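J.: Sequence and predicted structure, then a few things I'm wondering about:
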Amino acid sequence: MAGMDILYLLIPLSLVLVFVIAALFWWSLRSGQYEDLEGPGHRILMDDDRADALQKNGTFDSDQGGSSHK
């Protein structure tokens, strides 16, 4: 019966772990972590690096890949 004594520790520990995971998942749902799953992917694809380089440097040199070295 000595092998069964470990169950008195493992079963409550597993229940506590389940409740902690459920609480973290519930918090992530309530805080809006899953609201916009596709937005960041679309922002990466629609990013206009040339417009950013033009604003930062004042000029845009297409041969240098956005840097304006003279």
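T.: Nice, thanks for sending it over. Numbers count the residues shown, from 1 in each chain.
J.: counting residues per helix, which one in the chain is longest?
T.: The residue-count maximum for a helix in the chain (DSSP state H) belongs to helix 7-30.
J.: Any buried residues in it, and which?
T.: Going by neighbour count (16 or more other CB atoms under 10 Å), nothing in helix 7-30 comes out as buried. Every residue, glycine included, has its C-beta placed from N, CA and C.
J.: can you dump the C-alpha coordinates of it into CSV?
T.: Extracted C-alpha coordinates of helix 7-30, given in CSV (Å, rounded to 0.1, in the frame of the first residue of the first chain):
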residue,chain,number,x,y,z
LEU,A,7,-1.8,9.5,-5.0
TYR,A,8,-2.8,11.5,-2.0
LEU,A,9,-0.2,14.1,-3.2
LEU,A,10,-0.6,13.8,-7.0
ILE,A,11,-4.4,14.1,-7.3
PRO,A,12,-4.7,17.3,-5.3
LEU,A,13,-1.6,18.7,-7.0
SER,A,14,-3.1,17.9,-10.5
LEU,A,15,-6.4,19.6,-9.5
VAL,A,16,-4.6,22.7,-8.4
LEU,A,17,-2.7,22.8,-11.6
VAL,A,18,-5.9,22.4,-13.7
PHE,A,19,-7.5,25.3,-11.8
VAL,A,20,-4.4,27.5,-12.3
ILE,A,21,-4.4,26.8,-16.0
ALA,A,22,-8.1,27.4,-16.3
ALA,A,23,-7.7,30.7,-14.4
LEU,A,24,-4.9,31.9,-16.7
PHE,A,25,-7.0,30.9,-19.8
TRP,A,26,-10.0,32.8,-18.4
TRP,A,27,-7.9,35.9,-17.7
SER,A,28,-6.5,35.8,-21.2
LEU,A,29,-10.0,35.6,-22.7
ARG,A,30,-11.2,38.5,-20.5
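J.: need the next SSE after it, C-terminal direction.
T.: Reading on from helix 7-30 to the C-terminus, the next helix or strand found by DSSP states H and E is helix 39-45.
J.: buried sites along that following helix?
T.: Residues of helix 39-45 include none that count as buried (16+ other CB under 10 Å).
J.: From the contact counts, what lies against that helix?
T.: Judged by 3 or more CB pairs under 8 Å, 6 or more residues apart in numbering; DSSP states H and E, helix 39-45 has no packing partners among the helices and strands.
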